[in-house]
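J.: this is the structure alone, sequence omitted:
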């Protein structure tokens with residue numbers, strides 16, 4: 001489990017992309033959301049498109065989950081790895097978007113579980129952690 005979390009965290013660090021939002025002061029960070037499953041067959045090695053997009057809004061310290069399809073009710077566990085706090089959220093993906101507040105200057109892991117049992121995972125940093133200077 002530690003290797004998976006470390007790999008996700010490393011992938012997030014490497015793959016973080018920035019794109020400007022409507023406000024020039026706000027930066028939108030795209031989160032890489034991966035499904036946490038074992039394939040039933042070993043022959044299909046292609047990646048399936050994830051039905052969830054994740055974004056971190058740096059100006060408002062909010063995480064946005066955007067659902068591409070209706071997955072039913074979703075249960076989100078947000079772990080702050082810096083402070084050790086765990087936050088739990090639930091909602092319907094039929095609304096299309098779910099917003100959650102986060103603390104700045106923290107490292108997070110997020111698990112998203114659908115009512116059908118599918119599990120999606122992402123890891124990300126917030127606040128000034130991205131700036132090296």
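T.: On my side now, so go ahead. The shown structure was predicted, so the numbers you read here are calculated from the model rather than taken from an experiment.

J.: every contact and neighbour count from this point should use C-alpha atoms.
T.: OK.

J.: mind listing the strands for this structure?
T.: Applying DSSP state E to the chain gives strands spanning 18-20, 27-31, 34-35, 52-57, 62-67, 73-80, 86-92, 97-101, 107-114, 119-125.

J.: any chance of CSV for those strands, columns mean neighbour count and mean pLDDT?
T.: Output for the strands of the chain, formatted as CSV (neighbours: other CA atoms under 10 Å; pLDDT from 0 to 100):
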stretch, mean neighbour count, mean pLDDT
strand 18-20, 10, 39
strand 27-31, 20, 77
strand 34-35, 20, 78
strand 52-57, 20, 92
strand 62-67, 19, 94
strand 73-80, 18, 96
strand 86-92, 14, 95
strand 97-101, 15, 94
strand 107-114, 20, 94
strand 119-125, 21, 92
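
J.: hey, what's residue 101 bridged with?
T.: Counting by DSSP bridges, residue 101 forms beta bridges with residue 62.

J.: what about the closest residue to residue 125 other than its chain neighbours, distance to residue 95?
T.: Closest residue in space to residue 125, ignoring its immediate chain neighbours: residue 107 at 4.5 Å, by CA to CA, 6 or more residues apart in numbering. Separation of residue 107 from residue 95 (CA to CA, to the nearest Å): 27 Å.

J.: residue 67 now?
T.: 8 Å.

J.: next one: residue 77
T.: Distance from residue 77 to residue 95, by CA to CA: 19 Å.

J.: what does residue 61 give?
T.: 21 Å.

J.: for those two, indicate the residue with more neighbours.
T.: Comparing residue 61 with residue 95 by other CA atoms under 10 Å, the one with more neighbours is residue 61, at 16 against 12.

J.: and the more buried one, what's its pLDDT?
T.: As predicted, residue 61 sits at a pLDDT of 90.
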